[in-house]
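Asker: sequence unavailable; structure follows:
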Ligand code: ADP
């Protein structure tokens, strides 16, 4: 999972947690304030009732009192109101509501009743009733008690509905804040990670060998500094790579003349020894000749590699006949194949028209692949086919040799890559540079073509070269 996804998930979890905590705190606070309001209202009702009871105790006329009572009883949560005199003698009472058992309702918390008066809850038919009474002195100094019975069910229902109303507005605001938070998270992560992703991509391109690539520096901040540091690193790497290339190329150039000299001299001495019919040509002389030839091949490959890497390898395009080139290459390996006891054949399917290409380079490629086929085949045959298919000329080199393991088929076209086929069966395998197929692929691609490889370990390989017709 990318760091960006991790950060987005973290921010979303954080937002969800903050929202949950805020919701909980809001519910608690809102419930406290709604409860406090409800208690205040109940107390005000009780105190008003007490005043009415005091007034009524002094007058025999009760009609006004009942009018007041009716007004109180219009308040939905009040079940019963009454006034009583000394020794609990009720002189005025009215009842409006017969309580029913409440449906399930969630109570967050019960709150202490007001300090003024006596507040008691009792149960009647399974219904909770809050009975509040307040004592006061009448004008005649008599003890008057006002009593109000409230339905806690209705009180809680009212509190519940006001909590629901305020919660609805709170949730709308919270949802908008959450959505803004999510959008902000996405924007921030994008702003932070876009330059990181561009730098990762740039570093990947530089790492793949394109040392001329530069990462765009779009800001002056830490990201911008990091991008320019990476660019500086690429400049330094390019300098080192150029130095290495110059060094290899000059050293191989310098090596070439003396090695060619040694090869020529040893060749002359060998031939002289042969013509003067010395009893025996010294073994060491043959060895010097072989070693210098190999050294020369190695130097040639290194020089070609350095040409490819510095972009100096160009093709000398001419009209060529691919069939003739393949024929020449096959003939060049006839003796080697015969010496190994394997059949080397060239099969032409149809007449092959001329095409444009660099004859020397194409001959080099064909010789390398046919040479490898003979080199890595100890019994059986090497067959070379040529045919023209729409848009292409196709050369297929099939051998019945050792084959190439599946995991290695892409690697063998890399620089200096050789497979260890076993020293005893393939003693000459170690003499290669591992550069032949790399150079061959480069030359074919420069011609606009491609090389395909099909191989079964232990059964043989087939290299197919496609060149634009
Ligand atoms: P080299 O000069 O060492 O032959 P190449 O680039 O031509 O270098 O080949 C790379 C490696 O690919 C060889 O060392 C060999 O292990 C393997 N290879 C190439 N052609 C064949 C083939 N026809 N059969 C088996 N292995 C092959």
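Answerer: Thanks, I have it. Please read these numbers as outputs of a predicted model, since none were measured by experiment. Numbering: from 1, shown residues only.
Asker: when you work out contacts or count neighbours from here on, use the C-alpha atoms and nothing else.
Answerer: Fine.
Asker: what helices or strands is the helix or strand of the chain with the lowest mean pLDDT leaning on?
Answerer: Least confident helix or strand, the chain: strand 90-95 with a mean of 72, by mean pLDDT, DSSP states H and E. In terms of contacts (3 or more CA pairs under 8 Å, 6 or more residues apart in numbering; DSSP states H and E), strand 90-95 is packed against helix 63-73, strand 78-84.
Asker: looking at those, which is closest to residue 134?
Answerer: Shortest distance between residue 134 and these, using CA to CA, is found for strand 78-84: 9.8 Å.
Asker: who does that closest one pair up with?
Answerer: Strand pairing for strand 78-84, using DSSP bridges, gives strand 90-95 (antiparallel), strand 143-151 (antiparallel).
Asker: state the mean pLDDT of the last one.
Answerer: Pointing back at strand 143-151 there. Averaged across strand 143-151, the pLDDT comes to 89.
Asker: what inclination does that strand have with respect to helix 63-73?
Answerer: Counting by axes from the mean of the first three to the mean of the last three CA atoms, to 10 degrees, strand 143-151 points 30 degrees away from the direction of helix 63-73.
Asker: from the chain's centre, how far out does strand 143-151 sit?
Answerer: Offset of strand 143-151 from its chain centre (CA atoms, centre = their mean, to the nearest Å): 72 Å.
Asker: check stretch 433-444 too.
Answerer: Computed by CA atoms, centre = their mean, the chain-centroid distance of stretch 433-444 equals 35 Å.
Asker: pull up the residues of the protein that are close to the ligand.
Answerer: 372-373, 376, 401-404, 412, 417-419, 429, 432-438, 461 (CA under 6 Å from any ligand atom).
Asker: switch to 5 Å and redo it
Answerer: By CA under 5 Å from any ligand atom, the residues of the chain that approach the ligand are 372-373, 376, 403, 412, 418-419, 432-437.
Asker: all helices for this protein, in order.
Answerer: Ranges of helices in the chain, per DSSP state H, are 3-58, 63-73, 152-207, 222-275, 283-309, 322-332, 334-340, 359-375, 436-446.
Asker: quick one: contacts for the nearest residue to residue 374 once chain neighbours are set aside?
Answerer: Leaving aside its chain neighbours, residue 374 sits nearest to residue 337 (6.2 Å; criterion: CA to CA, 6 or more residues apart in numbering). By CA atoms under 8 Å, 6 or more residues apart in numbering, the contact set of residue 337 is 343, 344, 374.
Asker: most surrounded residue in those residues?
Answerer: The most crowded member of those, judged by other CA atoms under 10 Å, is residue 374 (26 neighbours).
Asker: quick check: it touching residue 384?
Answerer: No. Using CA atoms under 8 Å, residue 374 is not in contact with residue 384; the gap is 11.2 Å.
Asker: any common contacting residues for those two?
Answerer: Common contacts of residue 374 and residue 384 (CA under 8 Å, 6+ apart): residue 344.
Asker: which strand runs longest in this protein?
Answerer: Counting residues, the longest strand found in the chain (DSSP state E) is strand 127-137.
Asker: count of residues packed around residue 2?
Answerer: Close neighbours of residue 2, defined as other CA under 10 Å, add up to 6.
Asker: please spell out which residues along stretch 248-263 are buried.
Answerer: Residues 248, 249, 252, 256, 259, 262, 263 are the ones in stretch 248-263 that count as buried (16 or more other CA atoms under 10 Å).
Asker: just stretch 163-171 next, same as before
Answerer: Quick answer for stretch 163-171 (16+ other CA under 10 Å): 163, 167, 170.
Asker: show the average pLDDT along it.
Answerer: Here the average pLDDT along stretch 163-171 is 89.
Asker: contacts for that stretch, please.
Answerer: Contacts of stretch 163-171 (CA under 8 Å, 6+ apart): 27, 30, 31, 34.
Asker: highest neighbour count among the residues you listed?
Answerer: Counting by other CA under 10 Å, top hit in the contacts of stretch 163-171: residue 31 with 21 neighbours.
Asker: ok so, going back, most tightly packed of the strands paired with strand 78-84?
Answerer: Highest mean neighbour count of the strands paired with strand 78-84: strand 143-151, a mean of 24 (counted as mean count of other CA atoms under 10 Å).
Asker: for the stretch 251-400 of the chain, give the residue positioned nearest to the ligand.
Answerer: residue 373 (3.8 Å; CA to the nearest ligand atom).
Asker: okay, the nearest residue in space to that residue that is not next to it in sequence: pLDDT?
Answerer: With sequence-adjacent residues excluded and distances taken as CA to CA, 6+ apart, residue 373 is closest to residue 399, at 5.8 Å. For residue 399, the model assigns a pLDDT of 96.
Asker: which residues does residue 399 contact?
Answerer: Per CA under 8 Å, 6+ apart, neighbours of residue 399: 373, 374, 377, 380, 381, 382, 383, 460, 461, 462.
Asker: and the buried residues of stretch 248-263 as CSV, adding pLDDT?
Answerer: Putting these into CSV (pLDDT from 0 to 100) gives the following:
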residue, pLDDT
248, 78
249, 76
252, 76
256, 77
259, 79
262, 81
263, 80
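Asker: output these as TSV; include the columns distance to residue 43.
Answerer: Formatted as TSV, those follow (distance: CA to CA, whole Å):
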residue	distance to residue 43
248	101
249	103
252	107
256	113
259	116
262	121
263	120
